[in-house]
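S.K.: dropping the sequence and predicted coords here.
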Amino acid sequence: MDNEGSTLGAVSVHYDDYLGSAAADDADAMGATRSLYQMVGLDRDQWLIVSVELARSRQADRVSVYAIDRLQHGVGTRDDVEDLAEAIGSLPVVAFDLPSTVSVTDFIEEAFQRLTIRLMAHGVGAQSLNVVGRQRLSADAI
């Protein structure tokens with residue numbers, strides 16, 4: 001899907017049966033682990049990664065990284081990014097699509113030390129969940 005010239009908002013899929021949020025911590029860039037910038041091949045002095053998009057379907061995986069050109073837009077810090085977004089109403093980013101041979105699973109394993117994704121049934125997303133119990137399912141259930 002070509003998003004050039006479009007504005008990205010919340011993600012969606014065909015039916016949007018579940019919607020949610022995600023949070024991740026970068027993998028520790030020590031030893032053999034590459035940083036996200038190294039994985040994608042972006043120069044930290046020129047680019048600031050502001051979004052990662054992971055898409056998975058039965059047909060294919062897609063990993064895209066959205067980055068702002070620090071030099072072109074005079075952005076040095078994350079505060080500068082916020083100021084730019086306020087000034088012009090959005091962030092001008094370039095989409096970098098990794099090769100189709102890169103699987104979402106492999107990317108996640110290398111890029112993130114921790115990743116949490118919570119999907120809520122459509123229509124429930126704005127509600128808080130009060131967890132009143134937890135049960136472990138047997139391995140046979142999966």
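M.R.: All right, it came through fine. Numbers count the residues shown, from 1 in each chain.
S.K.: now the residue most central in space within the chain, what's its secondary structure?
M.R.: Taking C-alpha atoms, centre = their mean, the centroid of the chain lies closest to V52, which sits 2.9 Å from it. When classified by DSSP: H, G, I helix; E, B strand; the rest coil, V52 comes out as strand.
S.K.: what sits closest to it if chain neighbours are left out?
M.R.: Leaving aside its sequence neighbours, V52 sits nearest to V65 (C-beta to C-beta, 6 or more residues apart in numbering; 5.5 Å). Glycine gets a C-beta too; all of them are placed from N, C-alpha and C.
S.K.: checking the one you found next. Helix, strand or coil?
M.R.: Per three-state DSSP, V65 ends up strand.
S.K.: based on its surroundings, how many neighbours for it?
M.R.: Using other C-beta atoms under 10 Å, V65 is surrounded by 24 other residues.
S.K.: quick check: the residue nearest to the centre of the chain touching R62?
M.R.: No. In this structure, V52 is not within contact of R62 by C-beta atoms under 8 Å, at 11.3 Å.
S.K.: ok, now which ones touch the residue nearest to V52?
M.R.: Applying C-beta atoms under 8 Å, 6 or more residues apart in numbering, we find V65 in contact with L36, V40, L42, I49, S51, V52, E53, A95, F96, L98.
S.K.: go ahead and confirm the first one touches A111.
M.R.: I take that to be L36. Yes. Between L36 and A111 there is a contact under C-beta under 8 Å: 5.4 Å.
S.K.: what about the two, which has more around it?
M.R.: Of the pair L36 and A111, A111 is the one with more neighbours under other C-beta under 10 Å, namely 22 against 19.
S.K.: next one: that one from L19, what distance?
M.R.: Distance, A111 to L19, by C-beta to C-beta, to the nearest Å: 23 Å.
S.K.: same deal with A85?
M.R.: According to C-beta to C-beta, A85 stands 23 Å off from L19.
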